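Trainee: Attaching a predicted model along with its sequence, questions to come.
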Amino acid sequence: MTGLLVVTAVPAEAEAIRAGLTDPTTTVLPVGVGPAVAAATTARLLVLAEAAGRPYQGVVSAGVAGGFTGRVAVGATVLGSASVAADLGAESPAGFIPVDELGMPADWLGGGTTLAADPGLLARLRAALPAATVGPVLTVSTVTGTAASTDALRRRHPDAVAEAMEGYGVAVAAAQANLPFAELRTVSNPIGPRDRDAWRMREALAALTTAAAALT
Ligand SMILES: O=C(O)c1cccc(C(=O)CC[C@H]2O[C@@H](n3cnc4c(=O)[nH]cnc43)[C@H](O)[C@@H]2O)c1
């Protein structure tokens, strides 16, 4: 039987999740860094599975993430209530304008720049991970690395708890395949002025292994 498809950006994240999986029907695969390659690769995996008569039952974008200081701690587990394309839009002297406020047709976006997690799948993950922080997870193509862009994102997304680089792309692929979608992240670093030495990758990967038991 085919179960969930869990996609990560890099192989280290996929290995961390596989190490904690308890459900043999869950498939975990790395699909690349950033929303474009993650969307394209996930869409291809979904189509191939469907064509083989073994469709997946749902899709989870999983991996490490940056966390908004004061909203979530480094090492914590995050469940996305929605995945938000935070840099898809236009700059203007008055600030950033999301693409769905630019007057273009939005149906090709798979529902707009904010794609909510599937309520049933999210509820199951919440029940299995009661300590997880739940909130919107931003998808960005560029890792936020200055105080000014961190402040701007915090103001534009007062409820967002984390940022990563794939969730929205994977959500679009799941929406087009009519499959439930959710995003699961563990926090490797605070969002802010770039300091790669401060990333706690080992801690975040260990938290992914622990959280993987929920992926059933
Ligand atoms: O160097 C390693 O050993 C290693 C192990 C696992 C993962 C990585 C990555 O570089 C992951 C890249 C992945 O992480 C997400 N991420 C993490 N922090 C942030 C952030 O502050 N802003 C945006 N994205 C972040 C993202 O989804 C990347 O694809 C390395």
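Mentor: It's in.
Trainee: Tell me where this structure has helices.
Mentor: 11-20, 35-51, 119-128, 147-156, 167-176, 201-211 (DSSP state H).
Trainee: Of all those helices, which one is nearest the ligand?
Mentor: The closest of the helices of the chain to the ligand is helix 11-20. By Cβ to the nearest ligand atom, the value is 3.7 Å. Where C-beta positions appear, they are placed from N, C-alpha and C, glycine not excepted.
Trainee: What helices and strands are in contact with the helix or strand of the chain with the lowest mean pLDDT?
Mentor: The weakest-scoring helix or strand in the chain, judged by mean pLDDT, DSSP states H and E, is strand 97-98 (a mean of 93). Judged by 3 or more Cβ pairs under 8 Å, 6 or more residues apart in numbering; DSSP states H and E, the packing partners of strand 97-98 are strand 89-90.
Trainee: Quick check: mean pLDDT of the strand it packs on?
Mentor: Averaging pLDDT along strand 89-90 gives 95.
Trainee: in its sheet, what does that strand sit against?
Mentor: Its sheet considered, strand 89-90 pairs with strand 97-98 (antiparallel) by DSSP bridges.
Trainee: Give me the contact list for the strand it pairs with.
Mentor: Ala85, Leu88, Gly89, Ala90, Glu91, Thr113 (Cβ atoms under 8 Å, 6 or more residues apart in numbering).
Trainee: can you pick the most crowded of those residues?
Mentor: Neighbours here mean other Cβ atoms under 10 Å. Within the contacts of strand 97-98, the largest count is held by Ala85, at 25 neighbours.
Trainee: and the closest residue to the ligand within the chain, what does it touch?
Mentor: Going by Cβ to the nearest ligand atom, the ligand is nearest to Gly66 of the chain, at 2.2 Å. Counting by Cβ under 8 Å, 6+ apart, Gly66 touches Val143, Thr144, Ala162, Glu163, Ala164, Val187, Ser188, Asn189, Pro190, Ile191.
Trainee: could you measure the closest residue to it other than its chain neighbours against Thr8, distance?
Mentor: Excluding the flanking residues, the one nearest Gly66 by Cβ to Cβ, 6 or more residues apart in numbering is Ile191, at 4.1 Å. According to Cβ to Cβ, to the nearest Å, Ile191 and Thr8 sit 20 Å apart.
Trainee: what does Glu166 give?
Mentor: Remark: distance between Glu166 and Thr8 (Cβ to Cβ) = 8 Å.
Trainee: intersection of neighbour lists for these two?
Mentor: With contacts taken as Cβ under 8 Å, 6+ apart, the residues that reach both Glu166 and Thr8 are Val31, Ser61, Gly63.
Trainee: Of those residues, which is the most crowded?
Mentor: Most neighbours among the shared contacts of Glu166 and Thr8, by other Cβ under 10 Å: Ser61, with 33 neighbours.
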